[in-house]
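Enquirer: Provide a 3D model corresponding to the input given below.
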Amino acid sequence: VQLQASGGGLVQAGGSLRLSCAASGRAFGSYDRGWFRQAPGKEREFVAGVSASGGSTAYADSVKGRFTISRDNAKKTVYLQMNSLKPEDTAIYYCAAGVLFGDKLSATSWGQGTRVTVSS
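Expert: Residues are numbered from 1 along each chain as shown. Sure thing, here's the model as predicted:
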């Protein structure tokens, strides 16, 4: 599966952004999906994941209650709605496909990143 992320940008603290990740390939519906992020000087970290059916989700503690992951299998697209953004959310966000184990996604495919910058 090939993944294409979009929707990043510059936003003020407290604002919102919605990231999208479109997939190509016939196996889209078979994969769990998720988002990771990497801030400058830090390791890539898991942000959110959603099961293939959309029935199960998982979030990093740092984004719980602020971010919502969803998917539209008809459009082969996964979304990350980010509300109440904070400067510490500034990072490059990567979408991924893989297997959701409990509260984490084990990624096997990666999309290119989309940059999110939150100003204070």
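Enquirer: Please make it C-alpha for all contacts and neighbour counts, starting now.
Expert: OK.
Enquirer: in stretch 62-74, what counts as buried?
Expert: V63, F67, T68, I69, S70, R71 (16 or more other CA atoms under 10 Å).
Enquirer: mind listing which of those residues are in strands?
Expert: In strands, defined here by DSSP state E, the members of the buried residues of stretch 62-74 are F67, T68, I69, S70, R71.
Enquirer: Go through the buried residues of stretch 62-74 and name the one nearest N83.
Expert: Nearest to N83, judged by CA to CA, of the buried residues of stretch 62-74 is F67 at 6.0 Å.
Enquirer: what comes into contact with the host helix or strand of V116?
Expert: Taking DSSP states H and E as the definition, V116 sits inside strand 104-119. For strand 104-119, contacts defined as CA atoms under 8 Å, 6 or more residues apart in numbering pick out 1-13, 21, 32-34, 46, 48-49, 58-59, 85-100.
Enquirer: could you flag which of those residues are buried?
Expert: Counted by 16+ other CA under 10 Å, the contacts of strand 104-119 give 1, 3-6, 8, 11, 13, 21, 32-34, 46, 48-49, 58-59, 85-86, 89-100 as buried.
Enquirer: who touches the residue nearest the centre of the chain in this structure?
Expert: The centre of the chain sits closest to W35, judged by CA atoms, centre = their mean, with a distance of 2.6 Å. Applying CA under 8 Å, 6+ apart to W35 gives the contacts F46, V47, A48, G49, L80, Y93, Y94, C95, A96.
Enquirer: Any regions of this structure where pLDDT drops low?
Expert: Where the chain drops to pLDDT under 70, the residues are 26-29.
Enquirer: picking up where we left off before, quick one: which of the buried ones among the contacts of strand 104-119 sit in strands?
Expert: 3-6, 11, 21, 32-34, 46, 48-49, 58-59, 91-100.
Enquirer: before we move on, the earlier item: alpha carbons only: can I get the strand holding V116 in CSV?
Expert: Output of strand 104-119 as CSV, limited to C-alpha atoms (Å, rounded to 0.1, in the frame of the first residue of the first chain):
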residue,chain,number,x,y,z
LYS,A,104,0.3,0.9,19.5
LEU,A,105,0.6,0.5,15.8
SER,A,106,3.4,-1.7,14.4
ALA,A,107,4.0,0.0,11.1
THR,A,108,5.0,-1.8,7.9
SER,A,109,4.4,1.0,5.4
TRP,A,110,5.0,4.7,5.7
GLY,A,111,3.9,7.7,3.9
GLN,A,112,5.9,10.9,3.4
GLY,A,113,5.5,13.4,6.3
THR,A,114,3.5,16.5,6.5
ARG,A,115,4.7,19.4,8.7
VAL,A,116,2.7,20.8,11.5
THR,A,117,3.8,24.0,13.3
VAL,A,118,2.0,25.4,16.3
SER,A,119,2.9,28.9,17.3
